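Q: Provide a 3D model corresponding to the input given below.
(2 chains)
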Amino acid sequence: MELAQWFFMGVLFTVSVFAFAYLSLLAKLKWYTWVSLFTGVVAILFGIGWAGASFLEGIAQSGAMALMLFSGSGLILMVLTWRYLVVPELNQPAAKSSAQDQETDE
Amino acid sequence: MSQDDQPGTGGNESTPEPESPRSAVEETTSNGEVLDDSGRRTFLKRAALGGGGALLAGGASYGFVKSEIKGKPVSDYPLIDETIFKPKDQRATVLAFAHSTKLGERYPERTTQYNELQNKDFNFQEGFADMYAIPWNNSKPGYTQMDRALQQAGWEPLKVAGSRMVANLQPNTPLHTWDQSDVEEEQYQFDTEKQASDAIKSAARMFGAVKCGIAKRDKRWDYDPLYDAENDRVLSWKDDFPFEPKTVIVMLTPMDYDCMATAPAWTADGTAADGYTKSSVLASQMAKFLRGMGFHAVGAGNDLGSSVPYAIMAGLGEGGRNGALLAPGIGPRHRISKIYTDFEFVDYDQPHNWGITDFCLSCGKCAEACPADAIPLPESKNGGYGFEPTYEFSDEPGYTWNNHHGIKKFYSDAKKCYNFWVENGSACGACIASCTFNEPDMWHHVFIMGITPKTPGFLHGWMAELHPAFGYGHTGDPKTAVKFWKSGEGMRTNSDMKNNIGTSNKS
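A: The predicted model follows:
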């Protein structure tokens, strides 16, 4: 079961990376927006990983606390960041081309 | 303004300028695909860069934790107050005293003073018989016939081997024989000291040790004189012990997490008894291994010397508030065995620091859980940490006869601890079960263990409070006994310690 947990965490991690890469094409975000989003994802994944291990070791209360404290905090951070820092950028008409221009410069 | 700051001014012709305020996703679908070729390349580049960066950060975090859990070598252990330190007489230990009616007759003031100060009517020497005489109650989880049977079964191999009293410091039992007649004449020659240490630790791991360290023999930790309680004989290292020890090999035997979690119920004593049995077998095997290589060796459990300082010297952990060795990854949930040998061509381990004792200064969960109030709370005088006991009545002349004075450590009142065992009907273990460092073997506990040395002291008390909030370390809960007796469901694999990377040993 532990191996299954690590595999599941790997899938979530990969999905997160792809989501971030795709988001970077959609909008040019400020550095602190990325920091906030990254922190949120790490907190969510950390909580899920902690909870998985806790359920496997038979201490469900620890899993519940981890989901609430770590993943919950991460989720709130992600939602707030998305609502107030990402969506306004996505609504900019030239968001996408700006983001791809940046890549072209690279 | 750089080009990066000018939306839509890039030179990539394959990225058309949006003509209407549609959503960004819709803008990329003008040719029916989510991303065009250039977009896909960009997407994959960024995914690779981001994923690679995240993996590097994860690898760095893993390396940091792995490094921290190895601990840092220290040179300031032990801190000794030479003005009051002296070798520990084995007769001045609670378990040896309880094991000997002769000592009870010889030192009646110990019992009298204890009963007067604690307002008790307690007989140390009759304690074990009284303890096992308490009848079971099949309607009380943790105190049923099944729990008593588990406890007795845990001890059974030691009883069969005539070595049950090794837990009460009895030396020269059959499993830990002083007989050296089977020492091979030819001595095996190791090429290097490291090779010898590795071989010893490999054998220890194969025998079942969860950790093994090697310390120089240090007379400060040896009981002197030794005492054979079964024959009421005082023994000397020089005249009675069969050889001059040079080295002490220390091994830890794990106890079951779910079973210990039932403390102070009788169930927990099942794994304590089992731990004593397995650690004694382990020590006898290691002693025989050394004798087979041509070196003198005697195994020991609680006898011959104080196990905790030897384990600290062997780099296996730090001293905790509860008086036990707290080993990273397993905490106090283990039994210590020792092997005294004259083999000295080894790579000695050294004491390490993981921030455990510092954490204990502000934690105190074991003291809160102790049903006998035998462990000082952090709020008590000096936090219970110093060169002499500071617990209740410790300023009464002679009351602290059982403590080894002059070493900077946590002092607890083992007399009250043992008294509770007798009232409880079994050894307790609440200080083990409640310890913040007593964790199942999962990655998140290793992670916390790794970052603990770097966390500021003012956070330690907060971390200690989170331990029970996360569901760990509760004691006196009947549900834990019920849970333990269901833990065999599906016969899940015992995965003890597989993640416990490092510490001071490779094994």
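Q: just the helices in the stretch 301-450 of chain B please.
A: With DSSP state H, counting those that start in this stretch as the criterion, the stretch 301-450 of chain B has helices at B:307-313, B:356-362, B:365-369, B:414-424, B:430-433, B:443-451.
Q: the shortest one and chain A in contact?
A: No - using CB under 8 Å from any CB of the partner chain, helix B:430-433 never reaches chain A; the gap is at least 12.9 Å. For the C-beta atoms, the positions are set from N, CA and C on the backbone; glycine is no exception.
Q: got the phi and psi for the one residue sitting closest to the centre of chain A?
A: For chain A, A:Val41 is the residue whose C-alpha lies nearest the centre (CA atoms, centre = their mean; 2.6 Å). Main-chain dihedrals, A:Val41, degrees, to the nearest 10: phi -70, psi -40.
Q: go on, B:Thr452?
A: phi -60, psi -40.
Q: count the residues that sit near it.
A: By other CB atoms under 10 Å in any protein chain shown, 21 other residues sit near B:Thr452.
Q: flag every buried residue along stretch B:395-411.
A: Judged by neighbour count (16 or more other CB atoms under 10 Å in any protein chain shown), stretch B:395-411 contains these buried residues: B:399-404, B:406-411.
Q: let me redo that: stretch B:94-110
A: B:94-100, B:103-104, B:107, B:110.
Q: mind putting the buried residues of stretch B:395-411 into a markdown table with pLDDT and distance to A:Ser24?
A: Formatted as a markdown table, the buried residues of stretch B:395-411 follow (pLDDT from 0 to 100; distance: CB to CB, whole Å):
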| residue | pLDDT | distance to A:Ser24 |
| --- | --- | --- |
| B:Tyr399 | 97 | 71 |
| B:Thr400 | 96 | 67 |
| B:Trp401 | 96 | 72 |
| B:Asn402 | 96 | 67 |
| B:Asn403 | 95 | 64 |
| B:His404 | 95 | 64 |
| B:Gly406 | 96 | 64 |
| B:Ile407 | 96 | 60 |
| B:Lys408 | 96 | 56 |
| B:Lys409 | 97 | 56 |
| B:Phe410 | 97 | 54 |
| B:Tyr411 | 97 | 60 |
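Q: how near is the residue lying closest to B:Met146 once chain neighbours are set aside to chain A?
A: Nearest residue to B:Met146 in three dimensions, chain neighbours excluded: B:Trp485, at 7.3 Å (CB to CB, 6 or more residues apart in numbering or on different chains). Counting by CB to the nearest CB, to the nearest Å, the gap from B:Trp485 to chain A is 13 Å.
Q: residues near B:Trp485, how many?
A: Around B:Trp485 there are 19 residues (other CB under 10 Å).
Q: doesn't it belong to a helix?
A: Yes - with DSSP: H, G, I helix; E, B strand; the rest coil as the criterion, B:Trp485 is part of a helix.
Q: isn't it up against B:Leu150?
A: No - between B:Trp485 and B:Leu150 there is no contact under CB atoms under 8 Å: 9.2 Å.
Q: joint contacts of these two?
A: Residues touching both B:Trp485 and B:Leu150 by CB atoms under 8 Å, 6 or more residues apart in numbering or on different chains: B:Thr267.
Q: related to what we said a few turns ago, which of the helices of the stretch 301-450 of chain B sits closest to A:Val79?
A: When the helices of the stretch 301-450 of chain B are compared by CB to CB, helix B:443-451 sits nearest A:Val79, at 24.7 Å.
Q: on that earlier part again, and the residue nearest to B:Met146, what pLDDT?
A: Reading off the confidence values, B:Trp485 has pLDDT 93.
Q: likewise the one 10 residues further on?
A: If you check B:Ser495, the pLDDT there is 46.
Q: all helices for chain A, in order.
A: Counting by DSSP state H, chain A has these helices, from start to end: A:2-26, A:31-57, A:60-66, A:72-81, A:87-90, A:95-105.
Q: point out the most buried one among the ones you listed.
A: Counting by mean count of other CB atoms under 10 Å in any protein chain shown, helix A:95-105 has the highest mean neighbour count of the helices of chain A, with a mean of 22.
Q: quick one: end-to-end length of stretch B:180-198, please.
A: One end of stretch B:180-198 to the other measures 24 Å (CA to CA, to the nearest Å).
Q: who's in contact with it?
A: By CB under 8 Å, 6+ apart, stretch B:180-198 touches B:199, B:214, B:242-243, B:288, B:291-296, B:298, B:343, B:345-348, B:506-507.
Q: now, the residues you listed that are in strands?
A: Counting by DSSP state E, those place B:214, B:298 in strands.
Q: before we move on, the earlier item: what's the closest of the buried residues of stretch B:395-411 to B:Lys381?
A: Within the set of the buried residues of stretch B:395-411, B:Tyr411 lies nearest B:Lys381; the separation is 10.7 Å, counting by CB to CB.
Q: just the buried members of the contacts of stretch B:180-198?
A: For those, a burial check counting by 16+ other CB under 10 Å picks out B:214, B:242-243, B:291, B:293, B:295-296, B:298, B:343, B:345-346, B:348, B:507.
Q: can you narrow these down to the ones near chain A?
A: Answer for those near chain A: none qualify (CB under 8 Å from any CB).
Q: so among those residues, where is pLDDT lowest?
A: Where pLDDT dips furthest among those: B:Ser507, at 28.
Q: quick one on the thing from earlier: for B:Tyr257, find the nearest of the helices of chain A.
A: So among the helices of chain A, helix A:31-57 is nearest, using CB to CB, at 8.2 Å.
Q: and the closest one, what's its mean pLDDT?
A: Averaged over helix A:31-57, pLDDT sits at 94.
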